[in-house]
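# predicted structure and sequence below. I'll ask about it afterward.
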Amino acid sequence: MGTGHEDPRERRRDELRRIVYGTPGDPPDELVAELVELEEDLARPHRPVAGEGQATDGSDRPSGAVGTVWADRPLDPIEAVEWRPPSRRRRSPRRVLATSAAVVAAAMVMLGPVRDALAPPEGLEIFERAQTDEERRSADEVATDARLDPYAPEALRSLGRLFGYGFWAYREDGLVCMLSQRPYFFDWEESCATLDAFRESELTQRIGADTIRDGSRPRRFHLGDIVVVGWGPTSIELEWRLEPAS
């Protein structure tokens, strides 16, 4: 489909929506204000501009223009008076600014819950959501293989995979723990901390670069290097750093 008649304002509106609604944290006020202004502008009814409504019969006169009187019939004295659009009272700049500020504030109030709902959970917030179908299918096997005590598969949440290892988190009896395992070859490793300690520092797992399969090992990894994988109170996904071999 062609885009010759696409309104550039609509493209800009869609771009601003992606930034304002899809970016974690508070978006810049100027972008929110621009989005509000564009939404209002696009909601206004279309008004013909100069050149629209021109006659198609070859004449120079506009067809059906409001308030125009043709010379091919007698003029009524009232009709002969030149038509002028109604005057519009100019709004005070102070009033315009106050209205704009109120609109921006209202938009921020409405955008807050939407943005929070779209934002991924941070740290312990992962336990506030229900288990996914995939987590429910795998949690029992993970709890059994990792020998969790107490046995609580419903407390497990997946943190994803990194370098061929699977990572899980669980919270129980005032502790929060991170589990990791390379499937089929290694036992589960566990790192735990109290809830108060976790709010101050991340949980980590140390993985030797030589235990990572060649297909999962970045080129800059060398034998003897240590990969430190971390998950902390503000993490929305697994984080890692490399400790080169001494």
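Alright, I've got the coordinates.
# going forward, measure contacts between C-alpha atoms and count neighbours the same way
Will do.
# quick check: buried residues in the helix or strand containing Ala33?
Assessed by DSSP states H and E, Ala33 sits inside helix 29-43. Across helix 29-43, burial judged by 16 or more other C-alpha atoms under 10 Å covers Val32, Ala33, Leu35, Val36, Glu37, Leu38.
# which non-adjacent residue is nearest Thr144?
For Thr144, ignoring the flanking residues on the chain, the nearest one in space by C-alpha to C-alpha, 6 or more residues apart in numbering is Tyr151 at 7.7 Å.
# which element is that neighbour on?
Per DSSP H and E, there is no helix or strand for Tyr151.
# which one of the buried residues of helix 29-43 sits closest to Arg199?
Of all the buried residues of helix 29-43, Arg199 sits closest to Val32, with 32.3 Å by C-alpha to C-alpha.
# that closest one contacts Val20, doesn't it?
Yes. Look at Val32 against Val20 with C-alpha atoms under 8 Å: they come within range, at 6.8 Å.
# which residues does stretch 125-135 contact?
For stretch 125-135, the external contacting residues (C-alpha atoms under 8 Å, 6 or more residues apart in numbering) are Glu154, Ala155, Leu156, Arg157, Ser158, Arg171.
# ok, of these, which come out buried?
Buried among these by 16+ other C-alpha under 10 Å: Leu156, Arg157, Ser158, Arg171.
# contact partners for the third one?
Which is Ser158. Glu135, Phe167, Trp168, Ala169.
# among those, which lie within strands?
Judged by DSSP state E, the contacts of Ser158 include Phe167, Trp168, Ala169 as members of strands.
# what count of nearby residues applies to Leu203?
Neighbour count for Leu203, taken as other C-alpha atoms under 10 Å: 21.
# pLDDT value on it, please?
The model reports Leu203 with a pLDDT of 97.
# how about the one 5 residues further on?
Gly208 is assigned a pLDDT of 89 by the prediction.
# for the one 5 residues further on, same thing?
Looking at Arg213, its pLDDT is 80.
# what's the mean pLDDT across the helix or strand hosting Asp14?
Using DSSP H and E, Asp14 sits within helix 8-22. Per-region confidence: helix 8-22 scores 83 on mean pLDDT.
# and what of stretch 127-134?
The model assigns stretch 127-134 a mean pLDDT of 94.
# pull out the buried residues from that stretch.
So, applying 16+ other C-alpha under 10 Å, buried residues of stretch 127-134: Phe127, Gln131.
# wait, what's in contact with Ser216?
By C-alpha under 8 Å, 6+ apart, the contact set of Ser216 is Phe163, Gly164.
# angles on the backbone of it, please.
For Ser216, the backbone dihedrals (degrees, to the nearest 10) come out as phi -100, psi -10.
# give me the distance between it and Ala209.
Per C-alpha to C-alpha, to the nearest Å, Ser216 is found 10 Å from Ala209.
# returning to what we had before: dump the contacts of stretch 125-135 into TSV; add distance to Asp26 and pLDDT as well.
Below are the contacts of stretch 125-135 laid out as TSV (distance: C-alpha to C-alpha, whole Å; pLDDT from 0 to 100):
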residue	distance to Asp26	pLDDT
Glu154	33	94
Ala155	31	94
Leu156	31	96
Arg157	27	97
Ser158	27	96
Arg171	30	92
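# mind checking which of these are in strands?
If you go by DSSP E, these have Leu156, Arg157, Ser158, Arg171 in strands.
# what about this structure, any weak spots by pLDDT?
Where the chain drops to pLDDT under 70, the residues are 1-5, 46-118, 185.
# quick one, helices of it?
Taking DSSP state H as the test, the helices found in the chain are 8-22, 29-43, 93-118, 133-145, 195-198.
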